[in-house]
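Asker: sequence and predicted structure below; questions after.
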Amino acid sequence: MAPLYYYIGLSVIMFTIGMLGVLLRRNAIVIFMSLELMFNAANLAFIAFSRHYQNMNGQMFVFFVMTVAAAEVAVGLALMVTIFRTRRSIDVDQINSMKG
Amino acid sequence: MLFQETIANPAFGLVPWVVFFPLVGLVLNLLFGRRLGEVFTGTVAVLASGAAFVVSVLLALGLAAHPEPVVVPFLEWLRIGDFAANWDFRVDTLSVTMMLVVSGVGTLIHIYATRYMHADVRHNGDPGRYRRFFVYFSLFILAMMILVTANNYLMLFVGWEGVGLCSYLLIGFWFEKGEDGIGNAKAAKKAFVVNRIGDFGLLVAMFTMFWAFGSLDFDAVLAAAPAAAPGVLLVITLLMLLGVTGKSAQIPLFVWLPDAMAGPTPVSALIHAATMVTAGVYLVARSAPMFNAVPAAQAAVMWVGAITALFAATIALGQNDIKKVLAYSTISQLGFMVAAVGMGAYVAGMFHLITHAFFKALLFLSAGSVILGMEHGEEAGHAKGHGHAEHADQGDHGGLDPQDMRNMGGLRRRMPVTFLVYLVGSLALAGVAPLSGFFSKDEILVAASRSNFIVLGVLLLAAFFTAFYVGRQLMLVFFGRERTPAAERAVESPALITVPLIVLALLAAVGGALNLPGSHLLETWLEHTLGAGEPAEFILPLAGVALGVALLGLFLGWLIYRRPFQREPLERTGPLFRAFNRKWWVDEAYHALVVRPYNGISRFLAGDFDMGFIDTVANGAGVLVRRLSGWWGVLQNGFVRTYALMVVVGVVSIMLYLALR
Amino acid sequence: MNLLFHPLTLVTFLPLVGVLIIAFLSESQRGLIRWVALGTSLATFGVSLWVLSLFPAGSADMQLEAVAPWLSLGTFQVNYHLGVDGISLLLLLLTTFLTPISILSSWTSINERVKSFMIFFLLLETGMVGVFLALDLVLFYVFWEFTLIPMYFLIGIWGGERRVYAAVKFFLFTLSGSLLMLLAILYMGISAGTFDWNALLANREAFAGASLWLFLAFAAAFAIKVPMWPLHTWLPDAHVEAPTPGSVILAGVMLKMGAYGFLRFNLALFPEVSVRAAPWMALLAVIGILYGAAVSYMQRDMKKLVAYSSVSHLGFVILGLFALNAQGVAGSVLQMVNHGLSTGALFLVVGMLYERTHTREMAAYGGVWKVVPVLGALMLVIVLSSAGLPGLNGFVGEFTILLGAYGSQIIGSPWFGVAATLGVILAAVYLLTLFEKVFLGPLRNPERRALAEITPRELATLIPLLLVIFWIGLYPKFFFALLNPSVEKLVALVQTAAVAMR
Amino acid sequence: MGNTLLFFTFAVVVVGTALGMVLSRNSIYSALFLVLNFATVALLYVQLGAPFIAMAQVTVYAGAIMVLFLFVIMLLGAEQLTEQEPLPGQRIAALALGGVFITAATVSIVLRAGPLAPLPAPAAGFASPLDVGMTLFTRYTLPFEATSAILLVAMVGAIVLTRVDRPRTPGAGQKE
Amino acid sequence: MISLADIYAMLPVIVMLVWGMLVLLVDLAVPAGRKGITAVIAVVGLAFSMGLTLAQMAQPAIAFNGMAVVDGFAVFLNVIFLASGLAGVALAYDYNRRMGLDRGEFYALLLFSITGMMLMSYANDLIVIFLALELLSIPLYILSAIARPNPRSEEAGLKYFLLGTFSSAFVLYGTALIFGATARTDLPGIVASLSAPVNLPLLLVGAALLLVGFGFKVAAVPFHMWTPDVYQGAPSPVTGFMSVGAKAAGFAALMRVFATALPGIAADITPVLWALAALTMIVGNVIAVGQNNIKRMLAYSSIAHAGYMLMAFVPYGNGAVTRDAVASLLFYLAAYAFTSLGAWAVVVALEGKEGTGLQIPEYAGLGRKYPWLAIPMVIFMLSFTGIPPTLGFWGKFYLFRTAVQGGYSSLALIGLLTSLVSAYYYLRVVVFMYFRAGEPVSARSPWVVFTAVVSAAAVIILSLLPTPLFTWATQALLRPQ
């Protein structure tokens, strides 16, 4: 069975990739997906630790995170839809009318 | 606590009144003067100073009985920690002498002024100021009395600055006149500021005194003085000397006095000849023990006096304004006195002070009468309504200066009384026996002969020049033929003016009797205060020389100015006369060395430095913040990804800190 | 004594009663508003006289103390604590005396938004009185900061054309200093466990470690307020832009708050540091004296001239304080009052002229003494009193200050005193120049022929000032009798510290 | 051993799909990559002995959520954004930070994560659905209720944000 | 198992939640354009819950198997949340009508958000904290965008949403790491585990990531950048509510987690907090100087105030000061709540359709035309600056006192200097209101004015008689774990 830090390492990599996705992509939806990726990285860490400690709390956490993620998706996508309605675009770089 | 019975002679209890009579007069005039008119005003003022004179006489009589100094406590003035200064009145022969001079001569001048100002205010077209004049005048008597009756240096200083103020007010009495309208005001300011420079010296002297002797009372200080460290005394005395040069118009601070002639003539007579300017001499005499203790300081005083005497006399030669001549002559005579007290001949100094008060007041007043005559003549000319062809060069009448001796001449026929008294005064000034000036000056020369021959020479030379410009003045004013229509039409002044002149003339004539070589009346009188010095005996040859010098000077004057002339004869001496005439460019020098630099500095500070530098630095912080705000605002560029980037930056730096710590 | 009707409470908060009344009047009832304001301030003055009568003569300690806990959380204890000693009593009287005069001077010069003006003015009085009476550092700070607000509005709303700049500058300058003071107060309060002045005085060891920094923090606040060179640049702007009553109070009272702070806090709480700092403070003071004199000599605007003259005069005050001997300190307290009277009067006269001609350029005048003899004469007296002529108030203060500074062992050199004495000469120069340019000389400007003579109301504002000016000048004993015990107590404190340091 | 091998195969897929998701131009591809990624993660969950979570992962995430994503992408007409990066330096900065982050994380997280020994075998019945259910409804009642609230909010939000408003009565705005 | 005690303990929150649903249902019946009714109902609910929470002050309790804890701290914060909720409704009541945005869900979402905040104040387990965070954030995302199709509102929503989710990802990962380090997610458990040797590096990084997340919520530099844009774009009542509620919630989480669960690692975290506090005070105040839009200005000022509060929290690890750190922070939150809500009320009163009346120069002449708005605004500005006699002064006073007491005089000095800077931009508003002439327009909105006046009165009166509030704050302790 692979040692704990393999899994943590993997989750860190996932987290970083997600982070980079947020920083690099301009399509709001893709950014949002990257965020989901980051959530998953966290989940993976939770599960791994939970297994390591033989402790349910981690898994519970993941369960709730999933639901929250679902909720956020609903709201987020709704938001993007409305924005797309008014702007005909979800390029976050064009959404910068307020600055300074 | 006004009248205290703790005093030997009840008369002494009266002493505060020498201050309060003038005060009463002042207040009365201030409150009712305008309503009750000139006669009332004049009378009140005269009575006020007259009453002061009466009190002084009573005090003198009291002292004659028991001549030892008396202090009449009046009120506690300042008391902080170990510092205390009370307003007490000091009655001793010295102060009483001054009181007599001040109030006596003062009263006469008051009488004279009642009439003179009547004419003057009308001539200058503002009768309203008649009252103001006498208010100032009473104020002056008041301040002068405070000065001479003070029992400590602080009260003396109060009077000292008080008279300075009066001089300021009276010089600027016609504040809208003078060269391009502001001249008189500027002269007044000059007088005050220059005096302040002197006062600075006196102030610091007082500080040193207090921290050295723990008190400012004359008795305490003078008692402690001989024992004190010579260094301290030297500082004190030299600083005092600075004060003296300011108040008594000695080198280097004499420059204000000539300009002070902008004031009405009675002012010049009372303040700038008879009384105020002699305060310096009084101060030195008062502080005699201190000066005696430091020969160096004495020498300094002596030299300052002697040089001033000569220097001013030379300038007097070059003046054409009748009052300017007298002004420089005053400076020169003050030089004699200062030199005298510097030599330790305090009696001689005081003696000359008194006689000078008589004859110089006389001279100024009669000069005033001359001026009145000239003005009257000029106005008469206006009445005639046409100028004389041959005087076209005078320009129109407005341009004619009633004080310029070149416009006079032959007045002895027009104004005989004035001429006679003026003659007496001039001869006394020149030092012709047996007039008062002769004796007093002689005593100074004697003292000089004892102490230092160079000084003696200087003083004799000064005496010669004195006699010479006196002669010149007499010739220009009273002899020869009238040089202007105004002079032709000049008329004798009324009794109210001439009577005081006559009285003063008598005093100037017989004033010498005060301290005749035989009697030494004044000497013995002042000894009670100044301590015994060896009486100045009468050295015949010296007296002869002095008299000879005087006569020679007068003769020269007659010789040069006896026949009419177009150009000033002395101009043949070329640059020398220009130097005399331009007062050795002293004013210009001061302007270049003091006034202009100060203006420059303050202009720089007010402009570039204060508003430019300091303020910029102060506001700089604000500007900086506003800049930063702009720069940092750029980061807030509206791009979500930049914001996310900043978050990551934060995260990463925290993690780095935690990892590398 | 009942706290609410305690005389000190009354004298502090009586103006607020006036504020309440005015708040319920309508803008249109100007006359009434003015009278209410005047009445309130006069009543306050009356109460302060009552305080004077209650004050036991010759006492050196705090008297009539009113104490009540204001905020108490264990060690975190802030008191409502008022009290007077000779020094604060004198300044209290100055404040309550100048306020009605300034209000009276606003009678015709302030014609718009009279209501708010009077409200701010009375609020300001409460603040100033509180500053002089507060004996709890936090309470003091509260009053101290509070005074900023009304003055800010007085300058900003009723000021001249650059009023906004002046108001903000005034606010920020003062605030920058007082924030540092706040930090110091906090530190002391924490280390000594109390903010009460008496208690802090009792155990100075508690914060002795940081006393240098604390001294500097307080000094920063007060030096800006005084203002000391080179922190003075807010003053000319504030003075020039402020309306006449504002200038009078600003110069007359608010600058004294700084000097008073030095006296009450720096000297009393950090005597050792004060002794060490004395030469430096004296140096700055002397620079201020000469600098202010030189700069004001070059001004063309009357108000600016007077403003810079304040820099010079307050230099004397600071010099006297840090002479740290009886003469110097007593002199400078008296000089605070003198400056309040003289400069206040100067601003009043300038205001009168401005009200008539709407210019403060001296060049626009000249020779007006002929037109307004009475005003001219009064101005002359005021100028002379400001120039320190014997017989008038200025001299007494300056003389004692210089006497003290010259001989102060703590300053250590007579030269400061000597240099400062030069300032007396320069004062004569710029003040007489002011008088000459405005009142003397020929009447060139034809418009000035129509210049109106002083009105009875204006006379009523000036006469009281002049009376006190003469009183102090001729018979200062009363004032020194009031001051000396407190001053000597303070000086003794400092001197022992100085001795201990040698 | 085989287990570790399995892990590495999964890991490669996970990282690969993650990168694919971030890098692919077309958002549809990104979505599909993400589906694959989630599925693989689910497998890792199984491997880690969390069958219930794994199931949830597949249904909720890979199923529901990602379908939602695809719907929206389709709805908005899967736009492809131009290549050029409008923010100067964003890429470099991002990559640099990512590098630093991952190294720092490796140093202070991964290598310190726990014992280097392989994970022990789970206790019998650990994280069985029953177990999960029990914990969920005993200890975790409050969070459970909270999530319900969150979901409700999400619903409301979605409606509020997307509903097409019926034309408002004219002047309803300015009832002054 | 769940007992009635648990229910009772959490009653205020439950009431809020239920009431939110109630509002939703009722709103269906309320005709368009008369959504005021919904507002009134919402107010009733808030008041009700307020009463309940105040009633709780007496008895601290642990509820839901240690998931939640009821203590003075929670009560104090709840009062702040509910008060800001009331103010939010009061502002929205007039604003929404005026802006023609009568959406009944508005109030429901407001209540849900408050539910989340209150849950946060009770939270005693990281899972609850995470959920509460989401529960209070998601409604705020929606509320920010609720003025759609106004593009700025939508933009604000999107920015807030993306960055908010980004930050919750960090919170989540941090939680994971803490779990990895301690095997626990409940705060008491974490404290307990700290007594035994734990995996410190993980714990530290985890804590740091939590700090990032909370820092984002309280808008601490450098996690603040969403603030100005969101504050500007969101409808003003929402912003006002957010500026107080969300910030308070963030600080609630911060204090709860760090002061109760993680005092053990204070030594390592303190420097980070120090840097955050300093940066936040400086950057917030400095950038605010350049702002012309009142909403942006207030946004930056809210950042700056977050900095001041952080400053007081820096010495939280120092046992002698912890109590004061929390108390002063709570006190300041109260002071800030009054001031900020009042200020936003004035902003709402002056905001016109299509975004007029938001530039500071447009406030010119306010003093003459609307004294009832101008005078309170002056008071708020002074209170923000910290000039007595205002509550803001006491707030800062207490904060700085804590910092100095904790031995961070340097930080206090930075704070004081930056508040000097702040004086400049706060005064600028006063300058325009009183020193410049102008013709501002304010729609008649009684409730807004009411809010402004009431908060102004509170700011003054509570500063003159500060003892009660102080005492309450100092007694509103975290339940010792």
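Answerer: Thanks, I have it.
Asker: quick check: B:L435 touching B:V424?
Answerer: Yes: using CB atoms under 8 Å, B:L435 is in contact with B:V424, at 6.8 Å. All C-beta spots, glycine's among them, are computed from the backbone N, C-alpha and C.
Asker: overlap in contacts, those two.
Answerer: Jointly contacting B:L435 and B:V424 under the rule CB atoms under 8 Å, 6 or more residues apart in numbering or on different chains are B:F359, B:A508, B:A509.
Asker: say whether chain A is contacted by the helix-or-strand element of chain D with minimal mean pLDDT.
Answerer: Least confident helix or strand, chain D: helix D:129-137 with a mean of 85, by mean pLDDT, DSSP states H and E. Yes: contact between helix D:129-137 and chain A, assessed by CB under 8 Å from any CB of the partner chain, occurs at D:D131, D:V132, D:T135, D:L136.
Asker: which strand or helix spans B:L526?
Answerer: helix B:521-530 (DSSP states H and E).
Asker: residues of that helix that come out buried?
Answerer: B:L522, B:E523, B:W525, B:L526, B:E527, B:H528, B:T529, B:L530 (16 or more other CB atoms under 10 Å in any protein chain shown).
Asker: returning to what we had before: rebuild the residues of helix D:129-137 next to chain A as a markdown table, extending it with neighbour count and distance to E:F380.
Answerer: Output for the residues of helix D:129-137 next to chain A, formatted as a markdown table (neighbours: other CB atoms under 10 Å in any protein chain shown; distance: CB to CB, whole Å):
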| residue | neighbour count | distance to E:F380 |
| --- | --- | --- |
| D:D131 | 14 | 55 |
| D:V132 | 20 | 52 |
| D:T135 | 16 | 49 |
| D:L136 | 18 | 47 |
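Asker: quick one on the thing from earlier: which residues are contacting the least confident helix or strand of chain D?
Answerer: So helix D:129-137 is contacted by A:M56, A:Q59, A:M60, A:F63, D:P51, D:F52, D:I53, D:G125, D:F144 (CB under 8 Å, 6+ apart).
Asker: and that helix, how far out from the chain's middle?
Answerer: 23 Å (CA atoms, centre = their mean, to the nearest Å).
Asker: and what of stretch A:24-32?
Answerer: Distance, centroid of stretch A:24-32 to centroid of chain: 11 Å (CA atoms, centre = their mean).
Asker: what's the answer for stretch A:22-31, then?
Answerer: Relative to its chain's centre, stretch A:22-31 lies at 12 Å (CA atoms, centre = their mean).
Asker: state the mean pLDDT of that stretch.
Answerer: In this model, stretch A:22-31 has a mean pLDDT of 90.
Asker: and if you look at stretch C:288-301?
Answerer: Stretch C:288-301 comes out with an average pLDDT of 92.
Asker: is it positioned near chain B?
Answerer: Yes: residues of stretch C:288-301 contacting chain B under CB under 8 Å from any CB: C:Y291, C:A294, C:V295, C:Y297, C:M298, C:Q299.
Asker: which one of those residues is nearest C:S28?
Answerer: C:Q299 (39.8 Å; CB to CB).
Asker: shouldn't that closest one be in contact with C:S309?
Answerer: No: counting by CB under 8 Å, C:Q299 stays clear of C:S309, with 9.2 Å between them.
Asker: just want to know which of those two has more residues nearby.
Answerer: C:S309 (28 against 23; other CB atoms under 10 Å in any protein chain shown).
Asker: for A:I13, see how far away that one is.
Answerer: Here the criterion is CB to CB, to the nearest Å. By it, C:S309 lies 76 Å from A:I13.
Asker: same check, this time on E:M297
Answerer: For E:M297 relative to A:I13 (CB to CB), the value is 43 Å.
Asker: in terms of neighbours, single out the busier of these two.
Answerer: E:M297 (26 against 20).
Asker: so the more buried one is in contact with E:Y425, correct?
Answerer: Yes: E:M297 sits in contact with E:Y425 when judged by CB under 8 Å, with a separation of 6.1 Å.
Asker: overlap in contacts, these two.
Answerer: E:A288, E:Q291.
Asker: for the closest residue to B:V91 other than its chain neighbours, give me phi and psi.
Answerer: Once flanking residues are discounted, B:V91 sits nearest to B:V70: 4.5 Å by CB to CB, 6 or more residues apart in numbering or on different chains. Main-chain torsions, B:V70, degrees, to the nearest 10: phi -130, psi 140.
Asker: residues of the longest helix anywhere in chain A that come out buried?
Answerer: For chain A, the longest helix by residue count, based on DSSP state H, is helix A:56-87. Buried residues in helix A:56-87, counted by 16+ other CB under 10 Å: A:56-84.
Asker: chain center to it, what's the gap?
Answerer: That offset, for helix A:56-87, works out to 9 Å (CA atoms, centre = their mean).
Asker: check which helices and strands that helix sits against.
Answerer: helix A:28-53, helix D:51-56, helix D:66-75, helix D:129-137, helix D:141-162, helix E:126-144, helix E:151-182 (3 or more CB pairs under 8 Å, 6 or more residues apart in numbering or on different chains; DSSP states H and E).
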